[in-house]
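Student: output the structure for:
(one chain, ligands or ions: 1)
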Amino acid sequence: MEYRIPLIAGNWKMFKTCNEAVNAATHLVKLVSDIDTVDIVIAPPFTSLTVVSEIIRETRIDLGAQDIFWEKEGAFTGEISAPMLISSGCQYVIIGHSERRQYFEETDEAVNKKIRAASDSGLIPILCVGETEIQRDEKKTFSVLDKQIEKGLEDLILDEHRPLVIAYEPVWAIGTGKTATPDQVQEVHAFLRDLIEKKFGNMISKATRILYGGSVKPDNVSELMALPDIDGALVGGASLQPDSFSKIIHF
Ligand code: PGA
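Tutor: Below you'll find the predicted structure:
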């Protein structure tokens with residue numbers, strides 16, 4: 001079977017001041033210094049990117065942002081561009097998180113512009129997709145995901161120099177303590193890999209890492225990571241404490 005290096009990413013959301021972020025990153029660096037077979041990403045708030053990038057320089061931990069705007073520069077008050085993220089030390093950017101879709105009315109069209117801007121500038125996008133509880137109950141999970149992938153990745157050019165990460169995050173499992181069952185996760189991940197194959201071909205589909213997100217904790221991560229199409233996790237709450245995040249990384 002093909003081998004994809006596992007990726008564990010921590011989404012700190014709107015938590016941690018600069019000092020708190022520095023302390024957490026410093027602690028994490030020590031806790032994961034033995035790791036050499038897992039890629040690690042932390043995504044602090046914009047305000048802490050630069051200070052955290054200094055701390056994780058020359059470690060295995062990469063830096064991610066939680067959002068991006070598609071223009072390079074201009075009169076867009078409050079927005080942050082790809083060149084700004086790169087100059088702050090980022091290699092990754094989370095795009096289309098369900099909280100952005102839900103609370104900030106981010107559409108698939110906006111997600112698509114962000115994905116293309118990130119990828120074209122050399123950042124690795126982590127595209128978040130996932131259905132709500134109502135959509136799952138109404139058996140719309142696969143049509144929702146199909147649309148999010150189709151529209152989100154429209155006109156995107158991918159190759160080995162421009163990889164993509166997908167995070168499947170069922171909205172009903174985020175921050176709720178409810179994790180999708182291994183069967184539910186594997187079923188969706190296999191479906192997503194199939195969609196990527198149809199869109200970008202077999203090579204890209206085999207190389208694309210598909211993460212699971214939604215109440216991942218030290219005690220459920222190993223069961224999820226054992227599934228064939230799960231290549232890692234996007235972790236919210238449990239990434240805020242270096243101890244629990246390190247346990248997840250040591251799955
Ligand atoms: P959670 O969040 O781990 O707290 O459920 C996951 C996410 O929103 O990325």
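Student: how deep is the residue of the chain found nearest the ligand tucked in, by neighbour count?
Tutor: Using Cβ to the nearest ligand atom, the single residue of the chain nearest to the ligand is G236, 2.3 Å away. Glycine gets a C-beta too; all of them are placed from N, C-alpha and C. Neighbours of G236 under the rule other Cβ atoms under 10 Å: 21.
Student: any idea how far it is from I230?
Tutor: For G236, the distance to I230 (Cβ to Cβ, to the nearest Å) stands at 17 Å.
Student: so which bits of the host helix or strand of S53 are buried?
Tutor: Under the criterion DSSP states H and E, the helix or strand holding S53 is helix 49-56. By neighbour count with 16 or more other Cβ atoms under 10 Å, helix 49-56 contains the buried residues 49, 51-53, 55-56.
Student: could you list the contact residues of this structure toward the ligand?
Tutor: 11, 169, 174-175, 213-216, 234-238 (Cβ under 6 Å from any ligand atom).
Student: which of these sit farthest apart?
Tutor: Spatial extent of those (Cβ to Cβ) is set by the pair E169 and A238 at 13.8 Å.
Student: pLDDT score for M1?
Tutor: M1 carries a pLDDT score of 48 in this model.
Student: now tabulate the residues of the chain next to the ligand in CSV and tack on pLDDT and secondary structure.
Tutor: Output for the residues of the chain next to the ligand, formatted as CSV (pLDDT from 0 to 100; DSSP: H, G, I helix; E, B strand; the rest coil):
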residue, pLDDT, secondary structure
N11, 98, strand
E169, 96, coil
I174, 90, coil
G175, 85, coil
G213, 96, strand
G214, 94, coil
S215, 93, coil
V216, 95, coil
L234, 98, strand
V235, 98, strand
G236, 97, coil
G237, 97, helix
A238, 98, helix
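Student: if any of those are buried, put those into a ChimeraX selection.
Tutor: If you want just the buried ones from these in ChimeraX, going by 16+ other Cβ under 10 Å, the selection is:
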select :11,169,174,213,214,215,216,234,235,236,237,238
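Student: any chance of the residues of the chain next to the ligand in TSV, with distance to L156 too?
Tutor: Listed next are the residues of the chain next to the ligand as TSV, based on distance: Cβ to Cβ, whole Å:
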residue	distance to L156
N11	22
E169	20
I174	25
G175	29
G213	21
G214	25
S215	29
V216	27
L234	20
V235	25
G236	26
G237	30
A238	30
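Student: how far out from the middle of the chain is the helix or strand that comes right after the helix holding S53?
Tutor: Note on helix 49-56: by DSSP H and E, the next helix or strand toward the C-terminus is strand 61-65. Centroid displacement of strand 61-65 relative to its chain, using Cα atoms, centre = their mean, to the nearest Å, is 10 Å.
Student: what's strand 61-65 packed up against?
Tutor: For strand 61-65, the elements it packs on are helix 18-31, strand 39-43, helix 49-56, strand 92-95, judged by 3 or more Cβ pairs under 8 Å, 6 or more residues apart in numbering; DSSP states H and E.
Student: got those as a markdown table, with mean pLDDT columns?
Tutor: Converted to a markdown table, the helices and strands packed on strand 61-65 look like this (pLDDT from 0 to 100):
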| stretch | mean pLDDT |
| --- | --- |
| helix 18-31 | 98 |
| strand 39-43 | 98 |
| helix 49-56 | 98 |
| strand 92-95 | 98 |
